[in-house]
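In: sequence? don't have it. structure:
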Ligand SMILES: O=P(O)(O)OC[C@H]1O[C@H](OP(=O)(O)OP(=O)(O)O)[C@H](O)[C@@H]1O
Ligand code: HPA
């Protein structure tokens, strides 16, 4: 079904800004400092989880001023909807991770299924350690798995959010802050 761009624009205009650009940047700075303190000598292999993890990965990686390698994984569970379903692996990792310290970067830990499946995949592929960093963690009691990320930028209330990589119907990943849908 074609997307109604007027609706997409209206959603942005009416959304509540939960964290503005400066607040999100400060959170990414803090994550960068913590990760640097812990991983600077561990030669990590960093996986960006596409698509949502793109913006957080790009911004965070420039704060990690030490030797590391980058690859990506493309897995999706929401497929431009506001409710998740089966995890669909579109691109599995290409870089050998046997005996590597793996750092996974994603935008959001919501019900937890996506991150849990990716962590398990990396562990089975022989990673020495699997460390996780998410820009936001959503607080609610609908967690599908019990999984805490190692680095969390911001805590978010239980609303559907977009911006900084997170989408509403495939749009507004580019929004310069974290916004919640009106009434959700
Ligand atoms: O904790 P969960 O409930 O599993 O949700 C978190 C996942 O959902 C989003 O991905 P999505 O499936 O929307 O794909 P996208 O990254 O392309 O937006 C987000 O980027 C996370 O990867
Ligand atoms: O609240 C959300 N917004 C965007 N993408 C998401 N993926 C899981 N939860 C969300």
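Out: Thanks, I have it. Computed from a predicted model, the values in this text were never measured in an experiment. Ligands and ions are numbered 1, 2, ... in the order given.

In: Residues of this structure that sit close to ligand 1?
Out: Residues of the chain found near ligand 1 (Cβ under 6 Å from any ligand atom) are 49, 51-52, 76-78, 84, 106-115, 167. (C-beta placed from N, C-alpha, C; glycine too.)

In: from the residues you listed, which would you call buried?
Out: Taking 16 or more other Cβ atoms under 10 Å as the criterion, what is buried in these is 49, 51-52, 76-78, 106-115, 167.

In: now the helices: where do they sit in this protein?
Out: For the chain, the helices defined by DSSP state H occupy 5-14, 21-39, 53-61, 113-124.

In: How about the shortest one, which residues are buried there?
Out: Which is helix 53-61. Within helix 53-61, the residues that qualify as buried are 53-57, 59-61, counting by 16+ other Cβ under 10 Å.

In: How about the last one?
Out: The neighbour-count criterion (16+ other Cβ under 10 Å) identifies 113-116, 118-119, 121-122 as the buried residues of helix 113-124.

In: Go back to those residues and keep what's next to ligand 2.
Out: When contact is defined as Cβ under 6 Å from any ligand atom, the buried residues of helix 113-124 do not meet ligand 2 at all.

In: possible to save those residues as JSON lines with pLDDT?
Out: Below are those laid out as JSON lines (pLDDT from 0 to 100):
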{"residue": "113", "pLDDT": "94"}
{"residue": "114", "pLDDT": "95"}
{"residue": "115", "pLDDT": "97"}
{"residue": "116", "pLDDT": "96"}
{"residue": "118", "pLDDT": "97"}
{"residue": "119", "pLDDT": "97"}
{"residue": "121", "pLDDT": "96"}
{"residue": "122", "pLDDT": "97"}
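
In: which one of those sits closest to residue 29?
Out: Nearest to residue 29 among the buried residues of helix 113-124 is residue 115, at 22.3 Å by Cβ to Cβ.

In: Touching, the closest one and residue 134? I think so.
Out: Yes. The criterion here is Cβ atoms under 8 Å, and residue 115 meets it with residue 134 at 7.1 Å.
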